[in-house]
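Engineer: Sequence and computational prediction follow.
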Amino acid sequence: MRVSVCVGAYAENPYCIPGLEMNVFCLEELCYCLKENAFLLDLSLMNDELLNWLGEECGLGELKKILHPLVHKQGALSAFVTAILNYAGLYDAETVGETEQLLKQGAGLNGMEKRRKQIDYMVGKKKYKIALRGYDELLEKWSALPGKGDVRPAPDFLAALWHNKGVAYAGLMLYEEAAECFRQAYELGGGADSCLCYLGAKRIQLTEEEYVDFVTEHSTNYHGDFYRFSLDLEKRLEEVIQEWEQQPEYLRLYNRRERKENGERWKADEENSHLVDALKENYRRL
């Protein structure tokens, strides 16, 4: 049985986290909200109201004293949040470190940029379906923004959004949708990576003959980038294949094929069954 010891008292009156509009009643709830929404936090979190709530409602006068200099001497938001997380002891050092890095990456970004970074983080964690919903929400918000003024994020924002949406689709093996996203990203200034990913998605989606026809047909598009990048893609693909053939996973697959050819099919089938079970479990987790 696992027992968790809470730090401080359970507040009678909740604290509403600025920007998140979430009510929390104890230090652990505060820590959870800060960690899960790190990219959405801003300097409005660092205020006397929070300090007083921690001291008076939660009985954490010591933590209030630790945080006071950060609030009144304009300390970094990342230092403020990590001080709270470390005091609570709810998360291990690795998790606290990851949260600190997320906060540092989000410094100076506006709301939409922070949200995109948060969704990008979900892609890195292979939470592809959640990420795709988030990207669609951001695209809707973008289309509703005024055409002028300072409300729009940096010019490369939209290209990066489309590119990472393509990565999410590719993670789900939906290569046609991924290719369209990478195309959008490249046309918006996404650069070489977006073009390579576009061609890579098309290469997986199409047959060998169809892909060659596709590259030939579009070789003069985008100032000839298709032809140049297609050569680069083939070179990278060859390098990846060579690297893959040195990996333990490849060697295990090769050994299974050898067993089949040598009349030991039952051994190969047993190993395949274990592999399928592991893949299914990983799919359920995702």
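Structural biologist: Nice, I can see it.

Engineer: residue boundaries of the strands in the protein?
Structural biologist: With DSSP state E as the criterion, the chain has strands at 15-17, 22-24.

Engineer: got a pLDDT number for residue 238?
Structural biologist: For residue 238, the pLDDT comes out at 86.

Engineer: now residue 230
Structural biologist: Here, the pLDDT recorded for residue 230 equals 84.

Engineer: The one 5 residues further on now?
Structural biologist: At residue 235 the predicted local confidence, pLDDT, stands at 89.

Engineer: any idea how far it is from residue 241?
Structural biologist: 11 Å (C-beta to C-beta, to the nearest Å). C-beta here means a position set from N, CA and C on the backbone, and glycine is covered the same way.

Engineer: likewise residue 183?
Structural biologist: Distance, residue 183 to residue 241, using C-beta to C-beta: 25 Å.

Engineer: Compare neighbour counts for these two and give me the winner.
Structural biologist: The residue with more neighbours, out of residue 183 and residue 241, is residue 183; 21 against 10, by other C-beta atoms under 10 Å.

Engineer: residues in contact with that one?
Structural biologist: By C-beta atoms under 8 Å, 6 or more residues apart in numbering, the contact list for residue 183 reads residue 198.

Engineer: Show the pLDDT at the residue positioned nearest the centre of the chain.
Structural biologist: Central residue of the chain (C-alpha atoms, centre = their mean): residue 121, 1.9 Å from the mean position. Listed pLDDT for residue 121 reads 75.

Engineer: wait, it sits on residue 39?
Structural biologist: Yes - at 7.0 Å, residue 121 counts as touching residue 39 under the criterion of C-beta atoms under 8 Å.

Engineer: hey, what's in contact with both of the two?
Structural biologist: Taking C-beta under 8 Å, 6+ apart as the criterion, residue 121 and residue 39 both touch residue 102.

Engineer: where does the closest residue in space to residue 87 that isn't next to it in sequence sit relative to residue 136, distance-wise?
Structural biologist: Take residue 87 and drop its neighbours on the chain: the residue closest to it by C-beta to C-beta, 6 or more residues apart in numbering is residue 63, 5.0 Å away. With the distance defined as C-beta to C-beta, residue 63 ends up 39 Å from residue 136.

Engineer: what's the answer for residue 106, then?
Structural biologist: Distance of residue 106 to residue 136, computed by C-beta to C-beta: 21 Å.

Engineer: Could you do residue 248 as well?
Structural biologist: To residue 136, residue 248 is 38 Å away according to C-beta to C-beta.

Engineer: So between these two, which is more surrounded?
Structural biologist: More crowded of residue 248 and residue 136, by other C-beta under 10 Å: residue 136, with 11 against 7.

Engineer: Tell me who's in contact with that one.
Structural biologist: Counting by C-beta under 8 Å, 6+ apart, residue 136 has no contacts.

Engineer: show me what contacts residue 68?
Structural biologist: With C-beta under 8 Å, 6+ apart, residue 68 has these contacts: residue 51.
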